[in-house]
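Chemist: everything below, folded, please.
(chains A and B)
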Amino acid sequence: KQEVTQIPAALSVPEGENLVLNCSFTDSAIYNLQWFRQDPGKGLTSLLLIQSSQREQTSGRLNASLDKSSGRSTLYIAASQPGDSATYLCAVRDDYKLSFGAGTTVTVRA
Amino acid sequence: EAGVAQSPRYKIIEKRQSVAFWCNPISGHATLYWYQQILGQGPKLLIQFQNNGVVDDSQLPKDRFSAERLKGVDSTLKIQPAKLEDSAVYLCASSLPNYEQYFGPGTRLTVT
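Modeler: Numbers count the residues shown, from 1 in each chain, chains lettered A, B, ... in the order given. Next comes the predicted model:
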């Protein structure tokens, strides 16, 4: 059974600092890995999807890396802004199913 | 393109009552998912439909939860009777088969 872990559970940084969010998974036989953002009381918004054959994916200030062999992914958010405050979840897809981590709640202080 | 629609957005019920949630997926998405997200946890898949057939319902508590997807489009998730531990956000998602999932805004259920 796939287990997905995100550490730390919460993070607080001053505006402008770069954010580094970690995700680890136990079974490396995955199809892809996805990072989501969740605002309070809202659904999930997909940020980046990395296929298992890729090492990284970039979108604007966001960059996600994937090391399948070690079961790790990292989401980098450059020059953080207060609007980046949210919970970030990673999910891995094996076969047809997504398995989620519990998320890292980020607060960016102005 | 319209997103995944869910209703109601919020529901408060007493334990042992019944409740139903509705989901309308993105047009053309054959695959529909229901997730349960308990506060502080990641979403957990309850049931996955491909068109109107069930692909996976291994984590659905079938003694109290039921779901259907009529005509392969809209879906309803029902809980009867509800327990305190069912308090959670219920998320619906849809996708093309084996493609990226798109999530609705969720229904927040409080059982008192």
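
Chemist: show me what contacts the spatially closest residue to residue B:112 that is not a sequence neighbour?
Modeler: Once flanking residues are discounted, residue B:112 sits nearest to residue B:14: 5.5 Å by Cβ to Cβ, 6 or more residues apart in numbering or on different chains. No exception for glycine: its C-beta is placed from N, CA and C like everyone else's. Contact analysis of residue B:14 by Cβ atoms under 8 Å, 6 or more residues apart in numbering or on different chains lists B:82, B:111-112.

Chemist: residues from chain B in reach of chain A?
Modeler: Residues of chain B lying close to chain A by Cβ under 8 Å from any Cβ of the partner chain are B:4, B:40-45, B:48, B:55-56, B:91, B:93, B:98, B:100-106, B:108.

Chemist: swap the cut-off to 10 Å and go again
Modeler: B:3-4, B:6, B:9-10, B:31, B:33, B:35, B:37-38, B:40-45, B:48, B:50, B:55-56, B:58-59, B:89, B:91-93, B:95, B:97-106, B:108 (Cβ under 10 Å from any Cβ of the partner chain).

Chemist: tell me how far residue B:67 lies from residue B:20.
Modeler: Separation of residue B:67 from residue B:20 (Cβ to Cβ, to the nearest Å): 10 Å.

Chemist: let me fix that: residue B:3
Modeler: 21 Å.

Chemist: can you pull up the most central residue in chain B?
Modeler: Geometric centre of chain B, nearest residue: residue B:34, 3.2 Å, by Cα atoms, centre = their mean.

Chemist: can you list the strands that the helix or strand encompassing it pairs with?
Modeler: Here residue B:34, judged by DSSP states H and E, is contained in strand B:31-37. The pairing partners recorded for strand B:31-37 under DSSP bridges are strand B:44-50 (antiparallel), strand B:88-95 (antiparallel).

Chemist: nearest spatial neighbour of whatever residue of chain A ends up closest to chain B, chain-adjacent residues omitted?
Modeler: The nearest approach of chain A to chain B comes at residue A:100, 3.0 Å away (Cβ to the nearest Cβ). The shortest distance from residue A:100 to any non-neighbouring residue, by Cβ to Cβ, 6+ apart, is to residue B:42 (3.0 Å).

Chemist: can you pull the contacts of the one you found?
Modeler: Applying Cβ atoms under 10 Å, 6 or more residues apart in numbering or on different chains to residue B:42 gives the contacts A:4, A:6, A:36, A:38, A:44, A:87, A:89-91, A:98-103, B:35.

Chemist: that older thread, could you flag which of the residues of chain B next to chain A are buried?
Modeler: B:4, B:6, B:31, B:33, B:35, B:37, B:42-43, B:45, B:48, B:56, B:89, B:91-93, B:95, B:101-106, B:108 (16 or more other Cβ atoms under 10 Å in any protein chain shown).

Chemist: roughly how far does residue A:13 sit from residue A:74?
Modeler: 16 Å.

Chemist: any weak-confidence spans in chain B?
Modeler: Low-confidence segments of chain B (pLDDT under 70): B:1.

Chemist: no wait, chain A
Modeler: Those would be none, if you go by pLDDT under 70 across chain A.

Chemist: just the strands in it please.
Modeler: Remark: strands assigned in chain A by DSSP state E are A:4-7, A:10-14, A:19-25, A:32-38, A:44-51, A:56-59, A:62-67, A:72-77, A:86-94, A:97-100, A:104-109.
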